[in-house]
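# Take this sequence and fold it.
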Amino acid sequence: MNMTAVPNLSLSAQELADMLPTGVAFLNQNDESIMVNRRFQELMTCCSAKSFDCWSKSIHPEDYDRVAKAYFETSHSKRALRIEFRTRGQVSLWRVLMLAPLDDIDLHRLNLNGGGFICTIADITQEKTAELFQVEIAREAQERKEQQERFIDMISHEVRNPLSAILHCTEDILEAVKDKESSGVPVADIAQAADTISLCIAHQKKIVDDVLTFSKLDASMLTLSPRIDQPKRHLARTLSMFRPQLRKKDIHIEYKLDTSYADCGIEWVLADLDRMGQVLVNLVSNSIKFTAIANSKREIRVSIGASTKRPPSYPPNVVFFESDESALRLDATTTPEWGDSPVAYLMVAVKDTGIGISDQAQKRLFERFNQATPRTESVYGGSGLGLNVSRKLCHLHGGEIGASSMEGEGSTFGFFFKVRRDVEPSSLDPPNYDESEIDQLCGGIQAMSNRATGVKNRTKSPEIPEDPIITHIPEISPGAASDDKYRHSLELAQQVKPDEPSASDRQILHPDLEKPTPSLGAYEPIGMKSDTKGNRHVLVVEDNNINRQIVSRKLQSLGYHVSEATNGQEALDAVQRGEFDCILMDQEMPVMDGKSATMAIRNLGRDSTPILGVTANVRATQQIEMLDAGMDDIIHKPYRTNDLFEKINQMIILRSKK
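Reported below is the predicted structural model:
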């Protein structure tokens, strides 16, 4: 017969307490220990009359004040306490302190007439680590959700914005077609409307292309397709797609080879020049946008150089970030299909005389480059995706990208990529330089617009030779001295910390698709009140030049007097100078967004001025925020002119009745 062993129950209370994995101490009213177990003694770092002083030096310095304050407040109030803290040391452990007052029975048993406490300290490192891990997972999930929402908002804004211009220009063309004689619309204006449509379509196509490329890069699904080609000819053909746009904007372009290109003996290379052409298109597109609205001379220069060693930057006066390990691992030019021919680095620079980049915008730009993360705020060029995609494409091709700029003094962007030098093949399939059908259509429409508006007669067609001259270009030569723009951009770049989170406020620099043209309707200076009796005075606040011009012209044709503002701050200034019957307030704008401007206007006491929010954002929470800011109603892009007209009239009538 098996007998179960009977445990020894003659252990003392102290011996039983010493067996507990938790530190236990009984304290009198003066915080003096009258009994502690072995685990509590192990936690003690010194001997003192006060129990707290015996073990508190093990508390992490960042948690000490919080724990000490709670401990002594509880001791005096004789309430229960539960508090968590970290320990000192290279690896911090988590502890939980529980302090509870003893009841009358226990006080009598322990002969504590003035009161006392039981104090326990337990190790909760495992549980706390699991808890913090779950918190981090939840935080990352929330961050991904918010980033996804910002991404969707950005795409919605970038796609819907041009749709408004397309819709309004289409209305103009349809009106002209319906009644050729009575409409009195000149052919040049029709051509201008068609040209605007083509530019908006091209903008949307670029956004879609950037999104698709970014998605493939992000999912590691984009691969390079190396082929033997001539870089100088390939990139020249890439640049030729901009000829109609350059001619219309009267922008002079230069395409040159640096002497370093010839010194390296570059002629035929194995590379994926289509992908590098995509980077060039992004940079030149930005340069055209910002050079077209500059007041000084309009010039863009594209230069190509070469090096047998990986350059720290190109040109020397462009600020680059050193590629980290993750970026270097993206290099796809080391696979067997690239062969073992000598390596060279092709270097491309795009310099313009445009408006430059503001300091704040440059910080955001370098923040993106430094972190190489898919931020969605607009920084420089459309959606902000273009430069992010460009940098990842450079990484994929073993290269890097950088920039230098000063506001009002133009910008220089440069990038390089790794290639394999090769020789002219005996037989070579002709490369496919055909533009997409959309590009061909847009180019044809722009050419038609140039003829109709007389641009061809006024300006010379830009020359982009496939065999450009080789020349020494001082500021991009390897030994070039630092210039002011480089030092300025370097100082801004150094202010950006690698772990600094990207700001999620309004966009800093949102480029317009086009510079205003007189044929789309002139307007009076902001704040000028119309003298025409009975005319309603409307303030159009919109940062996109095309949309602002078209809306102003439409409202003028309906009998409204129109003033314009390009951002919320200008709108606020205009309201302080005069009164308006209605304000059309765009939401996404630089300097001050629509919500901030609306709240500032309401704070001026202009509660009776109707404000109609105009936005491409469609989420319900965004609409609620706009209404809460003080807007009376919202109209979503794209919208028809009649819908806008009805909204304005309804708001004016409702306000007049109040």
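# Next one: residue 62, what pLDDT does it get?
On pLDDT, residue 62 comes in at 93.
# in the chain, which strand has the most residues?
The longest strand of the chain (DSSP state E) is strand 411-422.
# Tell me which strands it pairs with, and in which orientation.
Based on DSSP bridges, the strands next to strand 411-422 in the sheet, each with its direction, are strand 268-271 (antiparallel), strand 343-352 (antiparallel), strand 400-405 (antiparallel).
# I'd like the distance from it to the chain centre, please.
25 Å (C-alpha atoms, centre = their mean, to the nearest Å).
# Give me the average confidence score over that strand.
91.
# Residue 576 - nearest residue in space that isn't next to it in sequence?
Here the nearest residue to residue 576 in space, its sequence neighbours aside, is residue 604; by C-beta to C-beta, 6 or more residues apart in numbering that works out to 6.8 Å. C-beta: built from backbone N, CA, C; applies to glycine.
# I'd assumed residue 575 was in contact with that neighbour.
Yes - under the criterion of C-beta atoms under 8 Å, residue 604 makes contact with residue 575 at 6.6 Å.
# What is the burial count for the closest residue to residue 484 other than its chain neighbours?
Sequence neighbours aside, residue 406 is the residue nearest to residue 484 in space, at 6.8 Å (criterion: C-beta to C-beta, 6+ apart). Each residue near residue 406 was counted by other C-beta atoms under 10 Å, and the total is 20.
# Residue 472 now?
Neighbouring residues of residue 472 were enumerated by other C-beta under 10 Å; the total is 10.
# Residue 258 versus that one, what's the distance?
Using C-beta to C-beta, to the nearest Å, residue 472 is found at 7 Å from residue 258.
# Would you mind giving both backbone torsions of residue 126?
phi -60, psi -50 (degrees, to the nearest 10).
# same thing with the one 5 residues further on?
In terms of degrees, to the nearest 10, the main-chain angles of residue 131 are phi -60, psi -50.
# Just the mean pLDDT for stretch 559-571, thanks.
Mean pLDDT, computed over stretch 559-571, is 91.
# got the CA positions of that stretch in CSV?
Taking Å, rounded to 0.1, in the frame of the first residue of the first chain, the C-alpha atoms of stretch 559-571 are listed here in CSV:
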residue,chain,number,x,y,z
GLY,A,559,-21.4,87.8,-63.2
TYR,A,560,-19.3,87.5,-60.0
HIS,A,561,-16.4,89.8,-59.2
VAL,A,562,-13.5,87.6,-58.2
SER,A,563,-10.3,88.0,-56.1
GLU,A,564,-7.7,85.3,-55.6
ALA,A,565,-5.4,83.9,-53.0
THR,A,566,-2.9,81.1,-53.3
ASN,A,567,-2.9,80.0,-49.7
GLY,A,568,-4.7,80.4,-46.4
GLN,A,569,-2.5,83.2,-45.2
GLU,A,570,-3.1,85.3,-48.3
ALA,A,571,-6.9,84.7,-47.8
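# Tell me the buried residues in it?
For stretch 559-571, a neighbour-count test (16 or more other C-beta atoms under 10 Å) marks 560, 561, 562, 563, 564, 565, 566, 567, 568, 569, 570, 571 as buried.
# Could you identify the most distant pair in those residues?
For those, the farthest-apart pair by C-beta to C-beta is 560 and 569; their separation is 23.2 Å.
# surely residue 51 meets residue 119?
Yes - under the contact definition of C-beta under 8 Å, residue 51 touches residue 119, with a separation of 6.7 Å.
# Find the residues that touch each one of these two.
Shared between the contact lists of residue 51 and residue 119 (criterion: C-beta atoms under 8 Å, 6 or more residues apart in numbering) are residues 25, 27.
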